[in-house]
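Asks: build me a model from this:
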Amino acid sequence: MKALAAIVLAAGKGTRMKSERAKVTFPLAGKAMVQRVVDTALKLKASKIAVIVGWKKESVKISLNPDPSLEFIEQKEQLGTGHAVMVATESFKDFEGDVLILCGDVPLLSAETVDKLWTAHKEKGAAATVLTAIVDDAGRYGRMLRDDKGNIKGIVEYKDATQEERKIQEFNTGIYCYDSKKLFSALSKVTNDNQQKEYYLTDTLEILYNAGEKVESVVLEDIMEVSGVNSQEQLAELENIYYDRTRKHWLNNGVMIHNPATVLIGDDVVIGQDAEIGAGVQLFGDSCIGRECIIGPNCLIQNSALGVGSVLFGHNIIIESELQEHSIIDYGIKVIRNNSDE
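Replies: Numbering: from 1, shown residues only. Below is the predicted model of the structure:
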């Protein structure tokens, strides 16, 4: 099996967030955005994950759970996406395999989609494979350029595109899979001869195409997966989408949820069939809700396990605790580290 690595772009400041905080450290549903991106790479068993850091680099580092596959590489100047990947050249000089390019501020990208990208890349023997999407109006995204045979020949950034090119509906999502050696060879030929005076990663596709290499694409089915975060408002919108998808998952797997829009469920939570969740409930961390449990309104449960058939009357707080089967917890009772305040 071919080795897989990932480069996570996480060096930007994110000025539109109106904050001094590094953008990728903002939490979405209880996890830093960049942690969610790293988790995606870990699910694909990437053996090496290089996180490119810059602005508030130490805060980015501590926002991530320790893992032996992680390494941090500093981009001291932000000179474009191509430059961000260039700073990893030395780290990857001995790596033989494929490398994913992921964005630290795109937290909803699923492991299933990235696996589909990598699978297509391997099956087609491509030097580079880009995740694209098709919409009526691609806004300010870079447009995919194809030759008369339909092959990708490059990407043009919106600011550098002609009016005709801006009419193209297929756009670049900024997610790629490359043959590592061919990526860094192409990067060595990239220049900053453009309006932004930046080194564009997108230029590598044209370089590879002109060298006779195969450049492929996978079209994204769910465009929400590549929604980036550029403001606090956008972050809140994505968090709502995330929680809504989680709720729908459990609603379609035998769980009753009252007034679902008020309920928050973390992605590490497991809920048994025929459980009933009241309005305003929050379930976080490594929590397991047993079958046929009834959780009354406005309860908070974090890193806890509820045995089969347990009942919480409502307004309860259960933290780092384990309730035996058929436990009954009266209104307002707190159980913290298995100690009750009754």
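Asks: low-confidence bits of this structure, can you list those?
Replies: Applying pLDDT under 70 to the chain flags residues 342.
Asks: how does it divide into domains?
Replies: By the record's domain assignment, the chain is partitioned as 4-226, 253-340 (automatic domain parsing).
Asks: for the stretch 101-250 of the chain, just list every one of the helices.
Replies: Ranges of helices in the stretch 101-250 of the chain, per DSSP state H, counting those that start in this stretch, are 111-123, 180-187, 203-210, 232-251.
Asks: to residue 197, which of the ones you listed lies closest?
Replies: When the helices of the stretch 101-250 of the chain are compared by CB to CB, helix 203-210 sits nearest residue 197, at 13.2 Å. Just so you know, the C-beta spots here come from the backbone N, C-alpha and C atoms, and that holds for glycine as well.
Asks: on contacts alone, who are the packing partners of the closest one?
Replies: Applying 3 or more CB pairs under 8 Å, 6 or more residues apart in numbering; DSSP states H and E, one finds that helix 203-210 contacts strand 128-134, strand 152-156, helix 180-187, strand 215-219.
Asks: how does it look with 10 Å?
Replies: In terms of contacts (3 or more CB pairs under 10 Å, 6 or more residues apart in numbering; DSSP states H and E), helix 203-210 is packed against helix 81-86, strand 128-134, strand 143-146, strand 152-156, strand 170-179, helix 180-187, strand 215-219.
Asks: residue 268: which of the helices of the stretch 101-250 of the chain is closest?
Replies: Closest approach to residue 268 among the helices of the stretch 101-250 of the chain is made by helix 232-251 (10.6 Å; CB to CB).
Asks: who's in contact with residue 138?
Replies: Contact analysis of residue 138 by CB atoms under 10 Å, 6 or more residues apart in numbering lists 132, 144, 158, 161, 166, 167, 168, 169, 170, 171, 172.
Asks: residue contacts, the third one?
Replies: With contact taken as CB under 10 Å, 6+ apart, residue 158 is in contact with 138, 139, 140, 141, 142, 143, 165, 166, 171, 172.
Asks: and for the second one?
Replies: Contacts for residue 144 were tallied using CB under 10 Å, 6+ apart; they are 130, 132-134, 138, 152-156, 165, 168-172, 202, 205, 217, 219.
Asks: if any of those are buried, put those into a PyMOL selection.
Replies: Restricted to buried positions by 16 or more other CB atoms under 10 Å, the PyMOL selection for the contacts of residue 144 reads:
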select buried, resi 130+132+133+138+152+153+154+155+156+168+170+171+172+202+205+217
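Asks: centre-most residue in this structure?
Replies: Centroid check for the chain by CA atoms, centre = their mean gives residue 107 as the closest residue, at 2.9 Å.
Asks: doesn't residue 26 make contact with that one?
Replies: Yes: Residue 107 is within contact range of residue 26, at 9.2 Å (criterion: CB atoms under 10 Å).
Asks: need the overlap of contacts for these two.
Replies: Applying CB under 10 Å, 6+ apart, one finds that residue 107 and residue 26 are jointly contacted by 32, 33, 34, 229, 235, 239.
Asks: now render the helices and strands packed on helix 203-210 as JSON lines, adding distance to residue 8.
Replies: Below are the helices and strands packed on helix 203-210 laid out as JSON lines (distance: least, CB to CB, whole Å):
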{"stretch": "helix 81-86", "distance to residue 8": "10"}
{"stretch": "strand 128-134", "distance to residue 8": "15"}
{"stretch": "strand 143-146", "distance to residue 8": "23"}
{"stretch": "strand 152-156", "distance to residue 8": "20"}
{"stretch": "strand 170-179", "distance to residue 8": "11"}
{"stretch": "helix 180-187", "distance to residue 8": "15"}
{"stretch": "strand 215-219", "distance to residue 8": "19"}
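Asks: quick one: closest of these to residue 317.
Replies: Distance to residue 317, taken as CB to CB, is lowest for strand 170-179 among the helices and strands packed on helix 203-210, at 39.8 Å.
Asks: residues contacting the residue nearest to the centre of the chain?
Replies: Under the criterion of CB under 10 Å, 6+ apart, the contact list for residue 107 reads 24, 26-29, 31-37, 39-40, 225, 227-229, 235, 238-239, 242.
Asks: in PyMOL, select just the buried ones from those residues.
Replies: Applying 16+ other CB under 10 Å to the contacts of residue 107, the buried members can be selected in PyMOL as follows:
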select buried, resi 24+26+28+29+31+32+33+34+35+36+37+39+40+225+227+228+229+235+238+239+242
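Asks: let's see which of the contacts of residue 107 end up in strands.
Replies: Judged by DSSP state E, those include 27, 28, 31, 32 as members of strands.
Asks: out of these, which two sit at the greatest distance?
Replies: Of all pairs drawn from the ones in strands among the contacts of residue 107, the one with the longest distance (CB to CB) is 28 and 32, at 7.9 Å.
Asks: quickly list what the closest residue to residue 202 other than its chain neighbours is bridged to.
Replies: Using CB to CB, 6 or more residues apart in numbering and skipping the chain neighbours, the partner closest in space to residue 202 is residue 155 (3.9 Å). Note on residue 155: beta-bridge partners residue 144, judged by DSSP bridges.
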